[in-house]
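Participant: The following comprises the amino acid sequence and a computationally predicted model.
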Amino acid sequence: MTNPKPLLLVDDDPTNQDLLSRRLKRAGYATELAGSGYEALDVLARREVELVLLDSMMPGLSGIELLRQLRCRFSPARLPIIMVTALGESERIVEALNLGANDYISKPVDFPVALARIRAQIDRKRAEDALRESEERYALATRGANDGLWDWNLETQRVYFSARWKAMLGYGEAEIGDDPQEWMSRVHKEDLPSLQTQLAAHWEAPASQECAIEHRLLHKDGSYRWMLSRGGVQRDGQAKAIRMAGSLTDITASKAFDPLTGLPNRTLFNERLAACLERVALEPEYPFAVLFLDLDRFKVVNDSLGHIAGDELLIHVAQRLRSAVRHAPPGNRGAAHDLIARLGGDEFAILLENVDPEGAIRIAGRIRESIHTAFKLESREVFTTASIGIAPGNAAYRTPTEILRDADTAMYKAKSLGKSRCEVFDAGMRAQAVARLELESDLRRAVDNQEFVLYYQPKVSLKTGKIVGVEALVRWRHPERGIVPPDEFIPLAEETGLIVPIGLWVLREACVAMRLWQAEFPTSPALEISVNVSVRQFREPELHAQIAAILAETQLDPATLQLEITESVLMDDLDTVADLLGGLKTLGVGLKIDDFGTGYASLKCLNRLPFDVLKIDRSFVVNMAQGDGTGETIRTILLLAENLGMEVVAEGIENKDQLTELQALHCDYGQGYYFSPPLEHDALGDLIRKARQAEGD
């Protein structure tokens with residue numbers, strides 16, 4: 001017989017302790033020893049014991065006095081105490097029993113008798129513990145007026161369902177009988193196998209444990225409600241389950257609604273959408289649509305203002321969605337009532353019933369416009385937009401997953417076309433989505449197989465015509481498609497995070513190449529290499545350490561490395577951007593703001609940020625001759641850069657006229673096909689070599 005809780009032996013005679021302890025251990029009991037009443041109190045303060053063997057005669061705190069104190073804290077049922085007394089101490093025995101001792105043993109101890117009395121007390125305690133646990137289980141099953149009760153006789157296969165159990169499903173007392181099928185026949189078909197398996201496992205388990213099973217039950221009104229069934233098993237002498245009883249709790253609110261916004265969640269949305277599809281199967285002309293909405297730039301809000309602000313924004317968005325959709329008038333069950341759900345993160349879905357495609361587009365437009373207005377978050381105004389995909393319903397859809405997939409595909413199309421717009425799904429989008437998935441798979445393989453190659457485009461001084469540096473441009477050498485241009489894979493690499501390993505590879509390869517060119521073509525100042533840093537890379541916490549490691553590895557002078565950072569990073573919190581740029585600046589590298597003029601930068605921004613070079617976007621250079629004021633814009637940019645002490649590079653120079661006008665405006669440097677297209681490593685080396693020879697001639 002083993003027992004996890006020890007017996008506590010309290011005796012001031014070590015010989016008695018040792019003798020009794022060894023014999024109890026041989027009988028299968030663990031023991032804890034105390035040489036005085038005070039030691040016994042210390043033991044009981046530290047741990048639980050099964051039973052106490054207490055010597056009645058001890059110096060200091062006597063056994064009788066210790067018994068008196070213990071009975072103030074522990075009942076005889078919770079802590080059995082057997083007194084150990086000398087023969088003839090009748091009065092002491094009577095006093096101990098009156099104080100609550102459970103039994104007594106006389107000295108010298110007759111061990112078989114003592115063992116029998118110890119076992120009897122422990123068995124009685126365990127029986128009372130089991131009864132108390134059963135009562136607690138019953139109290140748990142009956143807690144709360146909103147819980148229904150059930151009691152399943154497994155031998156007769158009859159179930160008692162309380163009136164509340166029946167009412168939770170919309171039925172009166174007489175409408176549900178006592179057959180187990182009254183329960184099982186109402187369980188959702190997807191949940192029934194799991195429920196039956198879990199119940200059987202509890203019946204067949206060697207020991208009883210409380211079970212808690214979540215499943216859906218059909219309400220009288222035709223809807224399903226999420227329920228939590230708790231219960232415990234009663235067994236006979238052969239440990240066979242003969243009865244199971246428990247409670248039923250309605251947990252629909254927690255299972256079907258998003259706790260942040262209060263909107264229905266994905267589970268409830270799919271149930272409603274499945275019901276709609278069942279109706280369409282019977283009425284193929286019944287019109288409906290699904291909208292899939294994703295907030296644009298939500299990650300920027302989360303990253304810059306924190307998740308609390310992000311959650312607050314989602315709550316406000318949910319409120320605006322409610323105001324933008326249709327609501328059925330009270331009492332008019334046949335009128336349109338749109339269902340909005342939060343699927344997760346910043347994704348929402350809306351089920352529009354009894355609406356044609358044109359009506360769905362109008363509602364989507366109303367939703368999009370409602371989100372465009374500024375949101376007030378504490379003392380700050382935040383702007384966001386939404387991209388919406390629309391999947392008009394038809395009888396070809398069989399599952400909610402299919403139509404949600406197509407609405408999501410249309411939403412992704414809206415984002416790829418510039419965001420803040422609505423797109424209606426068509427079959428061509430699905431083909432594009434499959435192609436994109438294949439491209440992502442190929443791109444991941446390309447990272448592993450190092451299928452990328454660098455091209456280099458010269459940077460030319462517009463004053464001297466000399467090559468003063470190059471920009472590294474990554475290309476993907478696909479094993480089947482050949483060279484894949486960056487505009488086809490860079491956005492996908494950004495979205496998937498693959499741009500981080502690709503960007504590090506580009507930086508290392510570019511630094512190695514420039515170190516070789518600087519050795520072959522020494523100049524003063526030395527040739528520079530420009531490398532693009534993506535928005536995703538810029539936010540990487542390890543970027544500073546990674547760049548430092550590459551510079552140390554390649555032995556490139558940091559002053560000859562320029563990091564080109566797109567102007568769109570200025571959409572983030574300006575203080576954070578300034579800190580990140582300042583950290584990079586400590587490496588000794590140059591910082592160039594790329595795509596300047598596309599809409600994010602301002603004079604205030606540039607005054608606070610440590611950029612060295614400003615790069616005019618090619619769209620301005622291409623449109624210089626249009627007479628639309630672009631030339632004046634470039635003049636303004638050049639004046640701004642001069643006032644800030646920044647150099648300027650104009651990209652996209654394609655003809656002599658553009659070059660002449662930029663020279664007249666005193667632009668410092670230029671890039672473009674007029675000088676050279678991007679070239680591979682060896683070809684760029686040949687170009688520099690020929691240019692140096694021509695200068696020598």
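Facilitator: Perfect, I can see it now.

Participant: mind showing which ranges of the stretch 151-300 of the chain have poor pLDDT?
Facilitator: Across the stretch 151-300 of the chain, the ranges flagged by pLDDT under 70 are 208.

Participant: again, 80 this time
Facilitator: The model of the stretch 151-300 of the chain has pLDDT under 80 over residues 206-209, 253-255, 300.

Participant: Which parts of it are helices?
Facilitator: Remark: helices assigned in the stretch 151-300 of the chain by DSSP state H, counting those that start in this stretch are 163-168, 181-184, 192-204, 252-256, 266-282, 298-305.

Participant: list the buried ones in the fourth one?
Facilitator: Spelled out, that is helix 252-256. 252, 255, 256 (16 or more other Cβ atoms under 10 Å). Every residue, glycine included, has its C-beta placed from N, CA and C.

Participant: Quick one: residues contacting residue 606.
Facilitator: By Cβ atoms under 8 Å, 6 or more residues apart in numbering, the contact set of residue 606 is 593, 614, 640, 644, 646.

Participant: any idea of the mean pLDDT in stretch 351-366?
Facilitator: For stretch 351-366, the mean pLDDT works out to 92.

Participant: So which residues make contact with that stretch?
Facilitator: 269, 272-273, 276, 286-291, 324-326, 336-339, 341, 350, 388, 390, 392, 422, 424.

Participant: to the chain's geometric centre, what's the distance from that stretch?
Facilitator: Stretch 351-366 has its C-alpha centroid displaced from the chain centroid by 31 Å (Cα atoms, centre = their mean, to the nearest Å).

Participant: quick one: buried residues of that stretch?
Facilitator: 351, 352, 353, 355, 360, 361, 363, 364.

Participant: How about stretch 204-219?
Facilitator: 208, 211, 213, 214, 215, 216, 217, 219.

Participant: thought the third one was touching residue 246?
Facilitator: Put plainly, it is residue 213. No. Using Cβ atoms under 8 Å, residue 213 makes no contact with residue 246, being 9.4 Å away.

Participant: Between the two, which contacts overlap?
Facilitator: The contact lists of residue 213 and residue 246 share 229, 230, where a contact means Cβ under 8 Å, 6+ apart.

Participant: So which of the contacts of stretch 351-366 belong to strands?
Facilitator: 288, 289, 290, 291, 339, 341, 350, 388, 390, 392, 422, 424 (DSSP state E).

Participant: who's in contact with the first one?
Facilitator: Residue 288 makes contact with 276, 280, 351, 352, 353, 354, 355, 393, according to Cβ under 8 Å, 6+ apart.

Participant: okay if I get those as CSV plus distance to residue 167?
Facilitator: Output for these, formatted as CSV (distance: Cβ to Cβ, whole Å):
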residue, distance to residue 167
276, 29
280, 33
351, 30
352, 34
353, 30
354, 33
355, 36
393, 36
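
Participant: I'd like to know which of these is nearest to residue 586.
Facilitator: In terms of Cβ to Cβ, no member of those lies closer to residue 586 than residue 351, at 53.7 Å.

Participant: which residues does the closest one bridge with?
Facilitator: Residue 351 has the following beta-bridge partners by DSSP bridges: residue 290, residue 339.

Participant: Could you measure from it over to residue 325?
Facilitator: Distance, residue 351 to residue 325, by Cβ to Cβ, to the nearest Å: 10 Å.

Participant: where do the contact lists of those two overlap?
Facilitator: The contact lists of residue 351 and residue 325 share residue 338, where a contact means Cβ under 8 Å, 6+ apart.

Participant: Surely residue 242 and residue 203 touch.
Facilitator: No. With contact defined as Cβ under 8 Å, residue 242 does not reach residue 203; the gap is 9.5 Å.

Participant: Need the residues touching each of those two.
Facilitator: By Cβ under 8 Å, 6+ apart, the residues touching both residue 242 and residue 203 are residue 154.

Participant: Compare these two and say which is more crowded by neighbours.
Facilitator: Counted by other Cβ atoms under 10 Å, residue 242 and residue 203 do not tie: residue 203 has more neighbours, with 17 against 14.

Participant: related to what we said a few turns ago, the buried residues of helix 252-256 into CSV, with extra columns for distance to residue 539?
Facilitator: Shown next, in CSV, are these (distance: Cβ to Cβ, whole Å):
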residue, distance to residue 539
252, 40
255, 36
256, 36
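
Participant: Which stretches in the stretch 501-650 of the chain count as strands?
Facilitator: All strands of the stretch 501-650 of the chain, identified by DSSP state E, counting those that start in this stretch, fall at 528-533, 561-566, 590-596, 613-616, 647-650.

Participant: just so I know, which of the ones you listed lies nearest residue 75?
Facilitator: The nearest among the strands of the stretch 501-650 of the chain, by Cβ to Cβ, is strand 528-533 at 72.7 Å.

Participant: Tell me how far residue 641 lies from residue 613.
Facilitator: Residue 641 is 9 Å from residue 613, by Cβ to Cβ.

Participant: Show me whatever sits in contact with both of those two.
Facilitator: In contact with both residue 641 and residue 613: 647, 648, using Cβ under 8 Å, 6+ apart.

Participant: In this structure, which helix is the longest?
Facilitator: helix 111-142 (DSSP state H).

Participant: how far is that helix from where the chain is centred?
Facilitator: 46 Å.

Participant: tell me what it is packed against?
Facilitator: helix 14-26, strand 51-55, strand 81-86, strand 103-107, strand 224-235, strand 241-250 (3 or more Cβ pairs under 8 Å, 6 or more residues apart in numbering; DSSP states H and E).

Participant: which intervals of the stretch 1-150 of the chain have sub-threshold pLDDT?
Facilitator: Those would be 1-4, 87-89, 131-146, if you go by pLDDT under 80 across the stretch 1-150 of the chain.

Participant: In JSON lines, list the buried residues of stretch 204-219 along with distance to residue 490.
Facilitator: Formatted as JSON lines, these follow (distance: Cβ to Cβ, whole Å):
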{"residue": "208", "distance to residue 490": "61"}
{"residue": "211", "distance to residue 490": "53"}
{"residue": "213", "distance to residue 490": "50"}
{"residue": "214", "distance to residue 490": "45"}
{"residue": "215", "distance to residue 490": "48"}
{"residue": "216", "distance to residue 490": "46"}
{"residue": "217", "distance to residue 490": "52"}
{"residue": "219", "distance to residue 490": "52"}
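
Participant: Kindly indicate which of those residues lies nearest residue 574.
Facilitator: Using Cβ to Cβ, the shortest approach to residue 574 within the buried residues of stretch 204-219 belongs to residue 214, at 47.7 Å.

Participant: now the closest one, which residues is it bridged with?
Facilitator: As for beta bridges, residue 214 partners with residue 228 under DSSP bridges.

Participant: same check, this time on the one 10 residues further on
Facilitator: For residue 224, the beta-bridge partners under DSSP bridges are residue 218.

Participant: Just the C-alphas of the helix or strand containing residue 362, formatted as PDB.
Facilitator: Here residue 362 sits within helix 357-372, counting by DSSP states H and E. Provided in PDB are the C-alpha atoms of helix 357-372 (Å, rounded to 0.1, in the frame of the first residue of the first chain):
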ATOM      1  CA  PRO A 357     -23.800  42.700 -58.000                       C
ATOM      2  CA  GLU A 358     -24.600  46.400 -58.600                       C
ATOM      3  CA  GLY A 359     -26.100  46.700 -55.100                       C
ATOM      4  CA  ALA A 360     -23.100  45.000 -53.600                       C
ATOM      5  CA  ILE A 361     -20.800  47.500 -55.300                       C
ATOM      6  CA  ARG A 362     -22.800  50.400 -54.000                       C
ATOM      7  CA  ILE A 363     -22.700  49.100 -50.400                       C
ATOM      8  CA  ALA A 364     -18.900  48.400 -50.800                       C
ATOM      9  CA  GLY A 365     -18.400  52.000 -52.000                       C
ATOM     10  CA  ARG A 366     -20.400  53.300 -49.000                       C
ATOM     11  CA  ILE A 367     -18.300  51.200 -46.600                       C
ATOM     12  CA  ARG A 368     -15.100  52.400 -48.200                       C
ATOM     13  CA  GLU A 369     -16.100  56.100 -48.000                       C
ATOM     14  CA  SER A 370     -17.200  55.700 -44.400                       C
ATOM     15  CA  ILE A 371     -13.600  54.500 -43.500                       C
ATOM     16  CA  HIS A 372     -11.900  57.300 -45.300                       C
END
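
Participant: Before I go, just wanted to say thanks for your time.
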